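Undergrad: give me a model of this one.
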Amino acid sequence: MKKSIMVLSTALMLGGVASAQKIAFEEYNLDNGMHVILHNDSSAPVVITSVMYHVGAKDENPERTGFAHFFEHLLFEGTENIKRGEWFKIVSSNGGINNANTSDDRTYYYEVFPSNNLELGLWMESERMMHPVINQIGVDTQNSVIKEEKRTVFDNKPYGNFIAVVKENMFKNHPYRWTTIGSMNHLDAATLEEFKAFNKKFYTPNNAVLVVAGDFEKKQAKEWIRNYFGTIPRGQDLKKQIFIEEPITQTIKATYEDPNIQIPMLVTSFRTPSMKTRDARVLEMISSLLSNGKSSILYKKIVDDKKMALQIGAFTYSQEDYGMYIIYGLPLGENTTASILKEIDEEIVTLQTELISDKDYEKLQNIIDNQFVNHNANVEEIAENLAKYYLLYGDINLINTEVELFHSITREEIRDVAKKYLNPNQRLILDYIPVKEKVQN
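TA: Numbers count the residues shown, from 1 in each chain. Coordinates of the predicted model:
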């Protein structure tokens, strides 16, 4: 969701550029269960206040999908002390920007202010948590906004629904089977009382982590945090429901007709383990090897050398409980999705049976280092990573040590993990095609 109001200067936004140096932080708990993480970076006069809630699309009632994403929008409507429509005016008039985003696993809100406005950012986030105004006019307004978002981003966009179709075929029991934007029919049917109950259940201090990052005085920050968040009542203790998916043992075949495209797209997807596992990290390395840039194996072979495809790609769709490894391609000329899949399978078999070269392994190490620096390139990204590693991984220090985990992965592990997860009987093959012409009688 793009809710930025005004852009700070480039110097401010790029402040706190991270090198490979260790990212220092302090963490502690408030009495109400809220976790707090502080990261000082005085290289630029900006400060981030952010709150990540452990609620996403997977926490929804199957008959009321889209609630978490709905709240990403709804909790900007106003509070008891911030009038409706005033949120963004307050942010922009004080030289800041703000935004929010939702995934299957969590929801994240943040403000970027000049460092002299830390107290304002803390007050606003405490207002969002303690005093949100959830009324029918706000629900109706955001319902219209989300319907337009769905039309623009999914329904009327070429290939806009391919992730949704993949998910519904890859998961039969887990809530990952639906998209974060959810069902418009479910949102239409929801009552105001249902929205209020969802807020009361999930948007609580003990289901959240607060991160303050940037240029601030720590003693003063702690005092403000205690004053603004310490008095918010603890919510109910939540126990995450565990959903188990049976292993995929036979190829799943599906077809989807997209009225917005003219070129069919091959999509093949494999279910993978939690992003917290070592195997998930190995799969990320395999993804980089196959499709990271124009020198990658699949791009060089299928797009450059054989000129069989307009585009080829592979990526890990990492999530807290399960993930997906997705490969896609757009055939060129007389080539077909089947012929592209054949070329892809040949390269996967090579990964499963042979060790990658020393040169390719060295290239992966360089990619790892580059990504590590880029992922912590500014204080805004550091704030989100600190929240993510605490809330979803249970280990904040991964912000410093995860790069070492990647470097410890061996060529043998790459081969073995490819052999373990990337087999034809463990995947979905989706023919994502243009709408077929109806035969006239």
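Undergrad: tell me the confidence at the closest residue to residue 235 other than its chain neighbours?
TA: Ranked by C-beta to C-beta, 6 or more residues apart in numbering and with sequence neighbours excluded, the top spatial neighbour of residue 235 is residue 204, at 2.6 Å. (C-beta placed from N, C-alpha, C; glycine too.) Per-residue confidence (pLDDT) for residue 204: 98.
Undergrad: list the contacts for residue 204?
TA: Contact partners of residue 204, counting by C-beta atoms under 8 Å, 6 or more residues apart in numbering, are 33, 129, 232, 233, 234, 235, 236.
Undergrad: what bits of the stretch 1-150 of the chain have low per-residue confidence?
TA: 1-20 (pLDDT under 70).
Undergrad: can you give me the strands in it?
TA: In the stretch 1-150 of the chain, the segments counted as strands under DSSP state E, counting those that start in this stretch are 26-29, 35-40, 46-53, 97-102, 107-114.
Undergrad: CSV please, covering those and showing mean neighbour count and distance to residue 391.
TA: Below are the strands of the stretch 1-150 of the chain laid out as CSV (neighbours: other C-beta atoms under 10 Å; distance: least, C-beta to C-beta, whole Å):
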stretch, mean neighbour count, distance to residue 391
strand 26-29, 12, 12
strand 35-40, 20, 8
strand 46-53, 27, 5
strand 97-102, 20, 14
strand 107-114, 24, 9
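Undergrad: any chance of those strands in TSV, plus distance to residue 123?
TA: As requested, these are exported to TSV (distance: least, C-beta to C-beta, whole Å):
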stretch	distance to residue 123
strand 26-29	20
strand 35-40	15
strand 46-53	9
strand 97-102	13
strand 107-114	10
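Undergrad: do you know which of those strands lies nearest residue 122?
TA: Of all the strands of the stretch 1-150 of the chain, it is strand 46-53 that lies closest to residue 122, at 5.6 Å by C-beta to C-beta.
Undergrad: which strands and helices sit next to that closest one?
TA: strand 107-114, helix 118-130, strand 208-214, helix 379-388 (3 or more C-beta pairs under 8 Å, 6 or more residues apart in numbering; DSSP states H and E).
Undergrad: got JSON lines for those, with distance to residue 401 too?
TA: Listed next are the helices and strands packed on strand 46-53 as JSON lines, based on distance: least, C-beta to C-beta, whole Å:
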{"stretch": "strand 107-114", "distance to residue 401": "22"}
{"stretch": "helix 118-130", "distance to residue 401": "28"}
{"stretch": "strand 208-214", "distance to residue 401": "18"}
{"stretch": "helix 379-388", "distance to residue 401": "12"}
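Undergrad: now, of the ones you listed, which is deepest in the fold?
TA: Comparing the helices and strands packed on strand 46-53 by mean neighbour count (mean count of other C-beta atoms under 10 Å), strand 208-214 ranks first with a mean of 27.
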